[in-house]
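Colleague: Mind folding the following:
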Amino acid sequence: MCGNRAITLLAGALALALAAGACTGSSGTGGSSRSPLPAAGQTQRLDGVCPNPLVTQTDWNPESEHGYLYNLVGPGYTIDATRKRVTGPLVASGKDTGVKIEVRMGGPSVGYQPMPAVMYTDRSVHLGYAATDEAVQFSAQQPTTAVIATMEISPLAILWSPDVHPELHTIADVGRSNTKVLYSLGLTYMEYLVGSGLLHRSQLDGSYDGSPDRFVGERGQAALQGFITAEPYLYQNEIKQWGKPLTGQLVHDTGYPAYISALSVRSAEKAKLAPCLKKLVPILQQSQVDFTRDPEPAIKLILQLVDVYKTGWVYSRGLAEFSAKQMVQRGIVSNGTDKTLGNFDLARVRRVIDIVEPIFAAQHKPVRPGLEPQDIATNEFIDPRIGLPS
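Modeller: Numbers count the residues shown, from 1 in each chain. Okay, here's the model as predicted:
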């Protein structure tokens, strides 16, 4: 579920990504001029202004975290099981917009490449998922600009057994213990946790591939990375060798404020796509709102795609429904501190830049000199009137 998604391959595979900060989009628009907002209903037709089909690239196998995108795929869709993509009429709250949408699977179908690399290799993709730290990392050679933050905070967490470790309540507590932490080597958030002193490098085991075997075999002695929207359900309900709760803390809560699953365009094409984005982004916002109200239509399609794609990804209805509920209950999908869903707090983006630039410098990964928040995220297409009900 994010460009860094090579995290969890549970029972076939699962996920990763990266968020904390100040107020939401009020800190800046990333584009100072904004045309008048259209009246209700005027944003529904996309023919003539958007590419047809409109190609979107996700970062992982079909899952509820992508629900708002699959929610846009209308009746009469076709599934390409070989290339792992679904194409159908792009519907906005049930109304045909006049163009088709193509939703492509990421992860194994793109060789687990980061999203900027995918988008610059395949220029038929118009919008792709990119995490804020990824956008910084690739800003020099493969720049992307995010146009909507479909998740307010990241579901990425460090998790542990409350039965085995009743003394642990936070990631900092894990760092003050000798508990091993299972994670996937090379992920930027872990460099932040170590650099900030919350965890110690001697605790880390970067060989984690998402399989529950080691955690279960060692009777839950270790902590492990995962998504708060997935692993707690899986370990309690679907990993029969364990069958007990997990608890943990969001990496977001430690002060790592990256947005994940931020739908992005190639930066140089933002101006060309602007007429489309002005109409499309409010539709994306509303689709996320609609998905939180009634996830069933999208979940039905997601489960069908999982079955047809046959990638080895195991994804049950129970997990899909749990994830959809958890995203709302845990504030993963929310309006943040204002009344708008999907806007960026550019102060948070600035914080991510400040955190990860030294990390990438130490790894000899050049970042664009003088990188500013508005280079990698913008609110200029966001409709501030669209949000979850209070």
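Colleague: From here on, just use CA atoms for contacts and neighbour counts.
Modeller: Will do.
Colleague: show me the contacts for F322.
Modeller: By Cα atoms under 8 Å, 6 or more residues apart in numbering, the contact list for F322 reads 229-230, 233.
Colleague: ok, so of these, who is nearest S211?
Modeller: Comparing the contacts of F322 against S211 with Cα to Cα places A230 closest, at 13.6 Å.
Colleague: Stretch 194-208: end-to-end distance?
Modeller: Distance across stretch 194-208, first residue to last, is 17 Å (Cα to Cα, to the nearest Å).
Colleague: roughly how far out does it sit from the chain middle?
Modeller: 23 Å (Cα atoms, centre = their mean, to the nearest Å).
Colleague: ok, now stretch 138-156?
Modeller: With Cα atoms, centre = their mean, you get 8 Å for stretch 138-156.
Colleague: what mean pLDDT does it have?
Modeller: Across stretch 138-156, pLDDT averages out at 97.
Colleague: repeat for stretch 235-249
Modeller: Average pLDDT, stretch 235-249: 97.
Colleague: what does stretch 59-79 give?
Modeller: The pLDDT scores in stretch 59-79 average 97.
Colleague: which residues sit in contact with the closest residue to S109 other than its chain neighbours?
Modeller: Nearest residue to S109 in three dimensions, chain neighbours excluded: K84, at 7.0 Å (Cα to Cα, 6 or more residues apart in numbering). Applying Cα under 8 Å, 6+ apart, we find K84 in contact with 104-105, 109, 309.
Colleague: and if you look at L54?
Modeller: 99-102, 126.
Colleague: repeat that for 7 Å
Modeller: Applying Cα atoms under 7 Å, 6 or more residues apart in numbering, we find L54 in contact with 100-102, 126.
Colleague: Nearest to the spatial middle of the chain, which residue is it?
Modeller: S261 (2.7 Å; Cα atoms, centre = their mean).
Colleague: re the thing from before, name the member of the contacts of K84 with the most neighbours.
Modeller: R104 (23 neighbours; other Cα atoms under 10 Å).
Colleague: What about the residue nearest to that residue when sequence neighbours are not counted, how many residues nearby?
Modeller: Leaving aside its sequence neighbours, R104 sits nearest to R85 (Cα to Cα, 6+ apart; 4.3 Å). Neighbour count for R85, taken as other Cα under 10 Å: 21.
Colleague: ok, longest helix in this structure?
Modeller: helix 270-293 (DSSP state H).
Colleague: tell me the angle the helix or strand that it is followed by makes with helix 270-293.
Modeller: Per DSSP states H and E, the first helix or strand lying C-terminal to helix 270-293 is helix 296-309. For helix 296-309 against helix 270-293, the angle by axes from the mean of the first three to the mean of the last three Cα atoms, to 10 degrees is 110 degrees.
Colleague: Now find how far off-centre helix 296-309 is within its chain.
Modeller: The answer for helix 296-309 is 18 Å, by Cα atoms, centre = their mean.
Colleague: average pLDDT across stretch 85-101?
Modeller: Stretch 85-101 comes out at a mean pLDDT of 97.
Colleague: Same check on stretch 311-331?
Modeller: 97.
Colleague: tell me the SS of A347?
Modeller: Using DSSP: H, G, I helix; E, B strand; the rest coil as the criterion, the local structure at A347 reads helix.
Colleague: and it, how many residues sit next to it?
Modeller: Count around A347 with other Cα under 10 Å applied: 19.
Colleague: And P282, by the same measure?
Modeller: 23.
Colleague: what do you get for the one 5 residues further on?
Modeller: S287 has 23 neighbours, counted by other Cα under 10 Å.
Colleague: quick one: contacts for the closest residue to it other than its chain neighbours?
Modeller: Distances taken as Cα to Cα, 6+ apart put Y68 closest to S287, at 5.2 Å, once the chain neighbours are dropped. By Cα under 7 Å, 6+ apart, the residues touching Y68 are 287-288, 291.
Colleague: Tell me how far Y68 lies from D96.
Modeller: Counting by Cα to Cα - Y68 and D96 are separated by 16 Å.
Colleague: what separates the helix or strand hosting G226 from the chain centre, distance-wise?
Modeller: If you go by DSSP H and E, G226 is part of strand 223-227. Its chain's C-alpha centre and that of strand 223-227 lie 16 Å apart, by Cα atoms, centre = their mean.
Colleague: And the contacts of the next helix or strand after it?
Modeller: Using DSSP H and E, the helix or strand that follows strand 223-227 towards the C-terminus is helix 231-233. Residues outside helix 231-233 that contact it (Cα under 7 Å, 6+ apart) are 245-246, 319.
Colleague: Going C-terminal from helix 231-233, what's the next secondary structure element?
Modeller: strand 247-250.
Colleague: Counting neighbours, which bits of that next one end up buried?
Modeller: 247-250 (16 or more other Cα atoms under 10 Å).
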